[in-house]
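*Asks:* Provide a 3D model corresponding to the input given below.
(chains A and B)
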Protein chains: 2
Amino acid sequence: MFAMRKITLLAVFWGWLFFSCYAQIYTYAPDAARAQEALEGRFDGYIRPQNLDEWNRLMSSRPHHVGSPWGKANAEFMAAKFREWGYEVEIETYQVLFPTPKVRILEMTAPTAFRASLEEPPVEGDASSQQIDEMLQPYNCFSVDGDVTGELVFVNYGVPADYEELARRGVDVRGKIVIAKYGGSWRGIKPKVAAEMGAVGCIIYSDPEDDGYFQGDTYPEGAFKNPYGVQRGSVLDMPLRPGDPLTPGYGATADALRISKESADNLIRIPVLPISWVDAQPLLAAMGGPVAPESWRGALPVTYHLGPGPAVVRLKLEFNWELQPAYNVIAKMPGSTYPDEWVIRGNHHDAWVHGASDPVSGMVALMEEARAISELAKTGWRPARTLVFCAWDAEEPALLGSTEWVEDHADELRKKAVVYINTDSNSRGFLGGGGSHTLEKYFDEVSKSVVDPQTGVSVFARLNARQQADGGKALSHYKLGALGSGSDYTPFIQHLGIASINLGFGGEGNGGEYHTGYDSYEHYTRFKDPGFVYGAALAKVAGRLTLRMANATILPFDFEYFTQTIEEYLADLMQTTDRLRTNTERENQMIRAGLYALAADPTQTFVEPQLKAEIPYINFAPLQNRLAELRKSMGAYQTALQKAAANPTQQAAVNAILKNIERSLTREEGLPRRPWYKHHIYAPGFYTGYGVKTLPGVREAIEQRNFGEAQAQIEILSEVLGGFVREMDKATKLLKG
Amino acid sequence: MFAMRKITLLAVFWGWLFFSCYAQIYTYAPDAARAQEALEGRFDGYIRPQNLDEWNRLMSSRPHHVGSPWGKANAEFMAAKFREWGYEVEIETYQVLFPTPKVRILEMTAPTAFRASLEEPPVEGDASSQQIDEMLQPYNCFSVDGDVTGELVFVNYGVPADYEELARRGVDVRGKIVIAKYGGSWRGIKPKVAAEMGAVGCIIYSDPEDDGYFQGDTYPEGAFKNPYGVQRGSVLDMPLRPGDPLTPGYGATADALRISKESADNLIRIPVLPISWVDAQPLLAAMGGPVAPESWRGALPVTYHLGPGPAVVRLKLEFNWELQPAYNVIAKMPGSTYPDEWVIRGNHHDAWVHGASDPVSGMVALMEEARAISELAKTGWRPARTLVFCAWDAEEPALLGSTEWVEDHADELRKKAVVYINTDSNSRGFLGGGGSHTLEKYFDEVSKSVVDPQTGVSVFARLNARQQADGGKALSHYKLGALGSGSDYTPFIQHLGIASINLGFGGEGNGGEYHTGYDSYEHYTRFKDPGFVYGAALAKVAGRLTLRMANATILPFDFEYFTQTIEEYLADLMQTTDRLRTNTERENQMIRAGLYALAADPTQTFVEPQLKAEIPYINFAPLQNRLAELRKSMGAYQTALQKAAANPTQQAAVNAILKNIERSLTREEGLPRRPWYKHHIYAPGFYTGYGVKTLPGVREAIEQRNFGEAQAQIEILSEVLGGFVREMDKATKLLKG
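*Replies:* Residues are numbered from 1 along each chain as shown, chains lettered A, B, ... in the order given. A predicted model of the protein is given here:
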């Protein structure tokens, strides 16, 4: 249990004022809004934190990675529960490539001998951590097999900018093994870039600065990573394409045609292994060469050197390259009015080890939502649209379960999907949400209608307080982040263009358990969400999102915040381009004047940067004109919506457009060099991984200094947005009646 | 020896162009400028790095703190050298209070027992570090005697803002012993503030993040602090008054009247001891309580907790409170034309231990300047003004040697001093200079006329390259910093109002030897300035400053950069006030709305900040009007100077004004609560120590939220600047002939 703090009376008064005056839901008529609020009140009344607790304890009681006995048992347990609650349930199984470790050797051969333990020992007070024999030992999934030896080079986070720093210091990684810190990018970027730069192997370790003793007491005394904790995780080239590597773009059904592993283009090309800091420290301490730049250094008690060498290491890895069954549990409650419009709510159920936080904490919230809705259904109520609850398997290796299901059901989803609402890990603190900006208004309203369990104000009000306490400006409404990748929304939004949301609480339950053998029920209930009160809050937020989308007469898509957001993205992109131009000019001047050479310490190696091509002025006018058009159309839509002159048939036609309008932001050809990614507003960064790139076609071309492509992508994006405007205009016309 | 880097041809060409075209010196007539440049060329020709090497090796060969045999031997050695070079030499001796350690005990009594070693062991390859028996063991000079026991509290750097952070977390230091990191302020601030907050003892340690393994390889492998290194140093309340505590404001001659130690108001009130990180780590590791804010944490492999306790420590300190002789070596070369106008050049000679860097590296440059000038004198040349070379003793305890000499000779200095030019430690890298802004133009010209030994361009050009490589704007001229405190210029500029400069090279010779037993000849010649080439460059810069001031027909004081600088200070002060107002309003609103409480993690102790009085609007107009006047008068002075209509008698009268004009920036009453500090443009911060506060009367009143005093100080400063303008106007009138 955790201590409640006294909250000022004023804040409680505010909360009261807020909830008591609130009586509208976007696109809902006043009566419908009142009915919906009453429904949500009843829904809240059914939410029991004890259920989350009980299910979490059970489901995380044994390791349950893809293909494990307990993974299958969990799928069957959930399926049984959904059935018990009255849902139509199927376990949809795909056969996916899932390599597991067979041989893992990391040893230093010079200047001294050292062999890494690569093991996570059990800790006192955590029974889960004792179950060594069922655990997947630490590894990076989709590393290739290999046996390589080379001098070590420390590459910081191992992102492209780090290699530029190394080059300035005359350090080259060709033929070397790189050691990178976790953090700074999605892990898969590290071996991808290392291989591109010519390295033959990659080690990734968790520096205690990021999630170990530097941040707080370590497990089991505190929540943070102990000396032995290792972050497992996938290194498939997901920014190129997630999902089963052997069935690109189509479902990995038992009888699907499979390509060979050798022809899969999203496998990383070098062996890569994650290690703990206790295994990393001797390697780092044995390195020589220049001292690492200050921002690269971590919290280990060593001087961080760049190398290369004199430390030489051997990395030998072999994996079992096997197909494993991925069990997706799909539970449906048919809609009473629009059975062919689907509101999809998902969370994955597979873990790297016990996964009490990732993913079970989000999974049990989803289950409780489904149960509470089944209680509503017992009273005779039915959702107007069909609800689809999904428990995905095989998310961890590379979103395999959800991606194969989406690819397999693509045609049906294109016809029926209205929205996809995703959760994953959940913890104590503040509501975080990202998603399609056509959903920002709808999400904002929900965030203002759920009470924060620690303070009694709305979860929006608490986030807003944090924002201001951190020195930021007060928010007028909840601003959704943009979605990159990292969880199961990716195939929905990025591949099919289904409007999506991802949400969860966090910020006060930080720790170092992520993807380790210590993400246990014991850890979770002590440090992440004691009492599962934020799990209950998550169920209330996600439940409202589900119910409001299910019952709306006109789907609550909005275009004002969307327009505003795209305007901000464009302004940012234009500023980025100008800054790149100014910086390039300045840097070229500096190089021509020899100033870098004069400024450098002559006792240190310094390789002068190369002159770069100057940045041309780019014609952004097509986009600017399109956004002017968008703003005008958006105004017309708002006006038409307020007048509400449409009859039910016209309303259904409006909904048919709204449901598909996110799809108009995609192109079948996809983004340059990665056709699987079809969305032209949001994509995971090709060199950032999970990190989003907005207006990705244009932005990444500019960042890669490919200005011909940037200009072409401006035309393409402008066309895409033109299609979006046309769809909105059609809806406006129908709304006018 | 260190490796020379290839410099681009362009830079060399620039250097050539620059030096070959340069043919003017501010206030010098063209012929005089050419003659002066020829003189400086001959001066440069006499500078021998080998001499610096030889003298440094000798003078740093044994520990030579105040009162040590080797300290006396060094004074006598220098006096003999100056005499040999034809100077009139006196060793002026003062009897100063200099406590040295008798008992030093630091032990942890709970939760485990630990006794700190408090020792710096010898290291391989450094013969100096073997001389344990002559070394002063690590201590903070002017700590009081005491035997205290208490729970530990970690206070970061121990500055006032750190105690505000502690208060927000509910941590109080009353009756506790604080442990603070070195850095973030001058060390004496730490026990001063700790005592004000109610702590009973203070420990200061060197975190490896600041100058240990985090920064680079440690001694003897590299330059940085090894686990045992301890920074000694004074903790006298120097921002109140430096110098001998028993003779406040007058010379500590043998027969001077002395106050009792008990009535000295600048002694710190609690015992304080510096320790190494190897002694600090067990204490920090044993602490509990909240985890320290992220920016407070260092590089030790522990979780930094704030306490209080459970670590309990006992600190027992006793000192020998004895008078010791301080030997100032004063060497004069009488001026041929203006013998009663003194150009004073100083550096201290006492060290904490061997002091090869601090202070011998600067001291030997000064000696070589004096020798080179004596070579010029052998050719029949004589400076127009009297040169006074000073080797100060007892700088380390609290600027005792220089302060007592200045106080003792105050009347004579008021009549004769033209400028004081100070150096202290010197190292490899970039020219750093601070001082009176009336000297900025003169300093700028010199910085453009001395060649950087590593690159062949002027030392200004190299600094400018560094500035731009770091992302800054190109400098049009050398901008002098403002002087706070920390070396022997303090009594000259702060107390008597003698225009002063402090300079040295640095930035590429960083290490952790400062005030430790490892600041040895061995360390210095490996890491700080191999070959003493920057020592030679320092001699060239300081030599030019000395010679140009000595020979100028009209003293090279300038008012344009001075005016510009004061305008910048005022603008900054007004912005600071506005920012303080905005921040106070915002914070008060946040408190009233309860937002801090809502944002806080309820599982952590959080004490809501108090409402603060709002910031009134302050009338800056008197200063603004005065600065408008200053700018006008400055223009008139420049015009008159360019026309050069004055005859020699009038010129002498102009010089008499210029020589004293810095004095018009002082008031006999001094600054509020510290009358010893009389300068009203520059002062060391009352709560920052060495760190300067510009326009200190007004600025510190605003920072302390004392707005009545701020308004009064604006009037006073405006009057002070009025006096400055009147002096300048008189000089202008005389210049007109």
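
*Asks:* Can you tell me which residues in the stretch 401-550 of chain A are near chain B?
*Replies:* By Cβ under 8 Å from any Cβ of the partner chain, the residues of the stretch 401-550 of chain A that approach chain B are A:429, A:454-455, A:457, A:461-462, A:464-466, A:468-470, A:508. C-beta here means a position set from N, CA and C on the backbone, and glycine is covered the same way.

*Asks:* for chain A, which helix is longest?
*Replies:* Taking DSSP state H as the assignment, the helix of chain A that covers the most residues is helix A:560-592.

*Asks:* The residue lying closest to residue A:452 once chain neighbours are set aside: what's it in contact with?
*Replies:* Nearest non-adjacent residue to residue A:452, counting by Cβ to Cβ, 6 or more residues apart in numbering or on different chains: residue A:462, 4.4 Å away. By Cβ atoms under 8 Å, 6 or more residues apart in numbering or on different chains, residue A:462 lies in contact with A:430-431, A:452, A:454-455, B:598-599.

*Asks:* try 6 Å
*Replies:* Residue A:462 makes contacts with A:452, A:455, B:598, as judged by Cβ atoms under 6 Å, 6 or more residues apart in numbering or on different chains.

*Asks:* hmm, back to that, just checking, what packs against the longest helix of chain A?
*Replies:* Helices and strands touching helix A:560-592, by 3 or more Cβ pairs under 6 Å, 6 or more residues apart in numbering or on different chains; DSSP states H and E, are helix A:621-643.

*Asks:* Residues touching the helix it packs on, excluding its own?
*Replies:* Identification of contacts with helix A:621-643 by Cβ under 6 Å, 6+ apart yields A:559-560, A:563, A:567, A:570, A:714-715, A:718, A:721, A:725, A:728-729, A:732, A:735-736.

*Asks:* Flag every buried residue along stretch A:367-385.
*Replies:* By 16 or more other Cβ atoms under 10 Å in any protein chain shown, the buried positions in stretch A:367-385 come out as A:367-377, A:382-385.

*Asks:* Same check on stretch A:285-298?
*Replies:* Quick answer for stretch A:285-298 (16+ other Cβ under 10 Å): A:285-292, A:296-298.

*Asks:* For chain B, state which of those is nearest.
*Replies:* Each of the buried residues of stretch A:285-298 was scored against chain B by Cβ to the nearest Cβ, and residue A:291 proved nearest at 4.9 Å.

*Asks:* So which residue is dead centre in chain A?
*Replies:* Centrality entry for chain A: nearest residue to the mean C-alpha point is residue A:486, 3.1 Å, by Cα atoms, centre = their mean.

*Asks:* Check whether it really touches residue A:689, as I assumed.
*Replies:* No. The pair residue A:486 / residue A:689 is not scored as a contact, 7.9 Å apart, by Cβ atoms under 6 Å.

*Asks:* and the nearest residue to residue A:129 once chain neighbours are set aside, what pLDDT?
*Replies:* Closest residue to residue A:129 apart from its sequence neighbours, by Cβ to Cβ, 6+ apart: residue A:122 at 4.4 Å. Note for residue A:122: predicted pLDDT of 95.

*Asks:* which strands and helices sit next to the helix or strand harbouring residue A:80?
*Replies:* In the assignment (DSSP states H and E), residue A:80 maps to helix A:69-84. If contacts are counted by 3+ Cβ pairs under 6 Å, 6+ apart, helix A:69-84 sits against strand A:88-110, strand A:312-333.

*Asks:* Name every strand pairing with the next helix or strand along the chain from the last one and say which way it goes.
*Replies:* Counting by DSSP H and E, the next helix or strand C-terminal to strand A:312-333 is strand A:338-348. Partner strands and pairing direction for strand A:338-348 (DSSP bridges) are strand A:385-392 (parallel), strand A:417-422 (parallel).

*Asks:* Using just helix, strand and coil, how would you label the residue nearest to residue A:506 when sequence neighbours are not counted?
*Replies:* Residue nearest to residue A:506 in three dimensions, not counting chain neighbours: residue A:427, with 4.5 Å by Cβ to Cβ, 6+ apart. What DSSP: H, G, I helix; E, B strand; the rest coil gives for residue A:427 is coil.

*Asks:* same thing with the one 5 residues further on?
*Replies:* Three-state assignment for residue A:432 (three-state DSSP): strand.

*Asks:* Identify the residues contacting stretch A:400-420?
*Replies:* Under the criterion Cβ under 6 Å, 6+ apart, residues A:94, A:96, A:242-244, A:250-252, A:326, A:328, A:340-344, A:392-394, A:488-489, A:491-492, A:496, A:498-500, A:549, A:659 lie in contact with stretch A:400-420.

*Asks:* What residue, apart from its backbone neighbours, is nearest residue A:544 spatially?
*Replies:* With sequence-adjacent residues excluded and distances taken as Cβ to Cβ, 6+ apart, residue A:544 is closest to residue A:446, at 4.6 Å.

*Asks:* any idea which element that neighbour lies in?
*Replies:* Assigned by DSSP H and E, residue A:446 belongs to helix A:440-447.

*Asks:* now swap in residue A:172 and tell me
*Replies:* Taking DSSP H and E as the definition, one finds residue A:172 inside no helix or strand.

*Asks:* Can you spell out the domain ranges of chain A, please?
*Replies:* Domain ranges of chain A: A:30-96+A:323-551, A:99-321, A:560-735, per automatic domain parsing.

*Asks:* Distance to residue B:177 for these - can I get that in JSON lines?
*Replies:* Output for those, formatted as JSON lines (distance: least, Cβ to Cβ, whole Å):
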{"stretch": "domain A:30-96+A:323-551", "distance to residue B:177": "31"}
{"stretch": "domain A:99-321", "distance to residue B:177": "23"}
{"stretch": "domain A:560-735", "distance to residue B:177": "41"}
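
*Asks:* So which of these is the most surrounded?
*Replies:* Among these, domain A:30-96+A:323-551 has the highest mean neighbour count (mean count of other Cβ atoms under 10 Å in any protein chain shown), at a mean of 22.

*Asks:* Am I right that residue A:363 is in contact with residue A:346?
*Replies:* No. Taking Cβ under 6 Å as the definition, residue A:363 is not a contact partner of residue A:346, at 9.6 Å.

*Asks:* Determine which two of the contacts of helix A:621-643 are furthest apart.
*Replies:* By the measure Cβ to Cβ, A:714 and A:736 form the most distant pair in the contacts of helix A:621-643, at 32.6 Å.

*Asks:* Provide a list of residues in contact with the closest residue to the residue nearest to the centre of chain A other than its chain neighbours.
*Replies:* Leaving out its chain neighbours, the residue that sits closest to residue A:486 by Cβ to Cβ, 6+ apart is residue A:690, at 3.9 Å. Contacts of residue A:690 were listed using Cβ under 6 Å, 6+ apart, and they are A:186, A:484-486.

*Asks:* on that earlier part again, any chance of the helices and strands packed on helix A:69-84 in a markdown table, with distance to chain B and mean pLDDT too?
*Replies:* Shown next, in a markdown table, are these (distance: least, Cβ to the nearest Cβ, whole Å; pLDDT from 0 to 100):
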| stretch | distance to chain B | mean pLDDT |
| --- | --- | --- |
| strand A:88-110 | 19 | 98 |
| strand A:312-333 | 20 | 98 |
